[in-house]
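Chemist: this one's sequence-less:
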């Protein structure tokens with residue numbers, strides 16, 4: 001698998017979550033060897049269900065005369 005950020009290789013690793021409400025302590029995810037990006041099923045679901053931006057996030061430009 002290739003990293004969506006830096007295109008480097010990702011490895012599958014076990015992760016530990018002590019604050020999970022479901023009672024599962026370990027889960028598997030992917031970690032990038034280049035930049036350290038971590039992807040797991042929860043991160044992918046949150047990225048997929050991200051709401052569309054409300055308005056333009058660009059700043060207004062000031063024109064100096």
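Modeler: Nice, thanks for sending it over. Not measured: the values here are computed from a predicted model.
Chemist: so where is this structure shaky, pLDDT-wise?
Modeler: Applying pLDDT under 70 to the chain flags the ranges 20, 22-24, 55-58.
Chemist: Tell me where it has helices.
Modeler: For the chain, applying DSSP state H gives helices covering 41-48.
Chemist: okay, which residue is most central for it?
Modeler: residue 43 (5.3 Å; CA atoms, centre = their mean).
Chemist: Which residue, neighbours along the chain excluded, lies closest to it?
Modeler: Closest residue to residue 43 apart from its sequence neighbours, by CB to CB, 6 or more residues apart in numbering: residue 29 at 7.7 Å. (C-beta placed from N, C-alpha, C; glycine too.)
Chemist: who touches the one you found in this structure?
Modeler: Residues near residue 29 by CB atoms under 8 Å, 6 or more residues apart in numbering: 12-13, 15, 38-41, 43.
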